[in-house]
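Engineer: predicted model follows, preceded by the sequence.
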Amino acid sequence: MTPGPAIATAAVFVWLGMVLAISFLEAPLKFRAPGVTIPIGLGIGRIVFRALNISEVGLALTALVAVIVDPPETSALVAGAVALSTLVVQLAAVRPRLTRRSDRVLAGENAPRSRAHYVYVALEAVKTIALVVTGVLLLAL
């Protein structure tokens, strides 16, 4: 494996691990902890997901630069593009809606449940699958 795909592979698998740990483990479990109210959980979640998203952007850019410098096979590029596109949709379209709702809840308002949360989770699943496929395809080089 040449350096470009090796760096991209590392970035993709670190990214995947972070998404799995935060989105599918930490996020749902924090609300089960004793004493964690919805506002406290939302406050923690906003901080954690902001950090996750910043890390995701950094890892995505690392992988992107690595594959620009030393392009892998087209299938790995397509799978990586799906992961990157999903992240962009989450950050540009879904996260702002979730932030507006959590702002309302944190201000004491009894805001109705948001469908944007379900969209975000579905996109996390798509992104997770795309990252697995990307990583496996990059390893096969």
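Structural biologist: That came through fine. Keep in mind that what you see is a predicted model, and the values were worked out from it rather than measured.
Engineer: next, the closest residue to L59 other than its chain neighbours: secondary structure please.
Structural biologist: In space, not counting the residues next to it along the chain, L59 is nearest to W15; the distance is 4.1 Å by CB to CB, 6 or more residues apart in numbering. C-betas here are computed from N, CA, C, even on glycine. Three-state call for W15 (DSSP: H, G, I helix; E, B strand; the rest coil): helix.
Engineer: how far away is W15 from P72?
Structural biologist: Per CB to CB, to the nearest Å, W15 is found 16 Å from P72.
Engineer: so where is the chain shaky, pLDDT-wise?
Structural biologist: 1 (pLDDT under 70).
Engineer: does the residue nearest in space to the middle of the chain count as helix, strand or coil?
Structural biologist: The centroid of the chain falls nearest to V19 when counting by CA atoms, centre = their mean (5.1 Å). Under the three-state scheme (three-state DSSP), V19 adopts helix.
Engineer: mind checking how far it is from L52?
Structural biologist: Taking CB to CB, one finds V19 at 7 Å from L52.
Engineer: which stretches of this structure form helices?
Structural biologist: 3-21, 27-30, 38-69, 74-89, 95-106, 116-139 (DSSP state H).
Engineer: give the buried residues for the second one.
Structural biologist: So that's helix 27-30. Neighbour counts over helix 27-30 (16 or more other CB atoms under 10 Å) mark A27 as buried.
Engineer: show me what it is packed against.
Structural biologist: helix 38-69 (3 or more CB pairs under 8 Å, 6 or more residues apart in numbering; DSSP states H and E).
Engineer: list the buried ones in the helix it packs on?
Structural biologist: Neighbour-count burial for helix 38-69, with 16+ other CB under 10 Å as criterion, is recorded at 41-42, 44-46, 49, 52, 56, 59-60, 62-64, 66-67.
Engineer: alright, I will stop here.
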